[in-house]
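In: Model the following, please.
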Amino acid sequence: MNIRSLTRGDGVVIGAAVVLFIASFLNTSDCSGSACDLVPNAWGLAYFLGWGTFFLGIVGAALIVVSHLLPQSQPRKVAGLDLAQAGVVLTVATAWQLLMWIFESQAAGSGLILGLIAALILAAGAVAGPLVPALQAPLMPAPKPAAPQPFGAQPQAGYGYPGAPGGPQQGGGYGYPGAQAPQAQQSPQPQPAYGGGQPQPQPQQDGGQAPSGDFTPYWFAVPVARPLYAEDGSMAPIAELAPGTWYLAVEQRGQALVAQTQDGRRGVLQDTTGIQRG
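Out: Numbering: from 1, shown residues only. I've put the predicted structure just below:
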């Protein structure tokens with residue numbers, strides 16, 4: 001689970017669920033004076049109000065958040081139902097039931113009123129989260145890379161960079177920033193023949209040319225979790241790029257990138273929209 005995969009919509013859902021839980025312990029009917037001690041909360045008034053209404057809303061919020069925390073390669077269904085969709089249904093049902101309780105109550109207390117407000121916000125966040133672009137933004141943006149060091153200074157290691165704790169160790173191979181590309185093998189220069197004759201032209205060797213330097217490897221981070229596919233063109237994901245971690249782009253293939261993870265695995269990132277370059 002990666003907490004950086006949560007969005008702003010998930011933040012709205014979490015906040016509304018906390019307020020809904022607090023409202024379940026408040027009075028369900030309006031009262032004053034010593035009579036308030038006799039007014040039960042949602043858990044003591046009726047079975048369907050506490051467990052069948054407030055509790056369902058909290059469970060629905062938990063299902064939505066857990067579905068976004070799980071990696072895409074891991075199944076997000078229980079008994080054939082998607083976790084996020086089941087959570088949305090529970091939150092909408094909670095808001096509807098609390099609305100009915102308000103209409104049928106002669107003197108609704110602070111618990112019902114605050115619970116209804118929280119349930120409406122919870123249902124709105126659950127429904128609009130995947131649809132509104134502003135709610136799809138990461139709840140915790142990826143940290144920016146360290147500022148460039150002066151020429152000749154030793155760069156500071158950050159998480160996700162080679163040599164950092166928990167990151168890959170830089171081996172100096174081709175593909176890492178700062179690594180030297182392999183030098184082309186120089187063919188021997190023709191020597192004059194004995195007696196001052198003209199040198200014979202030598203055939204040019206094509207096997208020792210250096211690779212093209214049009215693409216420069218760079219570090220990048222993804223805004224949301226995205227799958228990394230194998231380089232052979234198969235659609236089976238080999239890894240998942242998570243927000244908040246820097247990855248190394250080693251090659252450009254049209255609109256896609258060949259990326260390398262911290263454990264050295266390489267794959268093709270097909271969706272490069274919104275990536276943040278380091």
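In: Can you tell me the SS state at residue 268?
Out: strand (DSSP: H, G, I helix; E, B strand; the rest coil).
In: okay, it: pLDDT?
Out: Reported pLDDT at residue 268 in the predicted model: 91.
In: Kindly provide the distance from it to residue 62.
Out: Here the distance between residue 268 and residue 62 works out to 34 Å (CB to CB, to the nearest Å). (Glycine included, C-beta is placed from N, CA and C.)
In: Compare those two (neighbour count), which wins?
Out: The residue with more neighbours, out of residue 268 and residue 62 and counting by other CB atoms under 10 Å, is residue 268; that gives 19 against 16.
In: Specify the beta-bridge partners of that one.
Out: Counting by DSSP bridges, residue 268 forms beta bridges with residue 229, residue 258.
In: which residues does it contact?
Out: With contacts defined as CB atoms under 8 Å, 6 or more residues apart in numbering, residue 268 is in contact with 228-231, 253, 256-259.
In: List only those of those flagged as buried.
Out: Neighbour counting with 16 or more other CB atoms under 10 Å marks 228-229, 257-259 as buried within those.
In: tell me the two of those that are most distant?
Out: The largest separation in the buried ones among the contacts of residue 268, counting by CB to CB, is between 229 and 257 at 11.1 Å.
In: quick one: common contacting residues for the two?
Out: Taking CB under 8 Å, 6+ apart as the contact criterion, the common neighbours of residue 229 and residue 257 are 268-269.
In: Look at residue 240 and tell me its secondary structure.
Out: Residue 240, by the three-state scheme (three-state DSSP), is strand.
In: helix, strand or coil for the nearest residue to it once chain neighbours are set aside?
Out: Distances taken as CB to CB, 6 or more residues apart in numbering put residue 71 closest to residue 240, at 4.8 Å, once the chain neighbours are dropped. When the structure is split into helix, strand and coil by three-state DSSP, residue 71 lands in coil.
In: My guess is residue 71 contacts residue 237. True?
Out: No. Residue 71 is beyond contact range of residue 237, at 9.3 Å (criterion: CB atoms under 8 Å).
In: show me the contacts for residue 255.
Out: With CB under 8 Å, 6+ apart, residue 255 has these contacts: 270, 272.
In: at 7 Å what do you get?
Out: Contacts here follow CB atoms under 7 Å, 6 or more residues apart in numbering; on that basis residue 255 touches residue 272.
In: Which secondary structure element is home to residue 234?
Out: Per DSSP states H and E, residue 234 falls between elements, in no helix or strand.
In: Determine which two of the contacts of residue 268 are furthest apart.
Out: 230 and 257 (14.0 Å).
In: Closest to residue 247 out of the contacts of residue 268?
Out: Within these, distances to residue 247 taken as CB to CB reach their minimum at residue 259, with 4.9 Å.
In: Report pLDDT for the closest one.
Out: On pLDDT, residue 259 comes in at 91.
In: Just to check, it is in contact with residue 247?
Out: Yes. A contact is recorded between residue 259 and residue 247 when judged using CB atoms under 7 Å, the distance being 4.9 Å.
In: okay, and the common contacts of the two?
Out: Counting by CB under 7 Å, 6+ apart, the shared contacts of residue 259 and residue 247 are residue 241.
In: what's the distance between the residue nearest to residue 240 and residue 273?
Out: Distance check for residue 71 against residue 273: by CB to CB, it reads 20 Å.
In: Low-confidence ranges, this structure, go.
Out: 1-2, 31-39, 45-47, 72-75, 78-79, 141-213 (pLDDT under 70).
In: So which residues of it form strands?
Out: Per DSSP state E, the chain has strands spanning 77-78, 81-82, 218-221, 226-229, 237-241, 247-253, 256-260, 266-269, 276-277. These are given in chain order.
In: So which bits of the fifth one are buried?
Out: The neighbour-count check on strand 237-241 (16+ other CB under 10 Å) flags 237-241 as buried.
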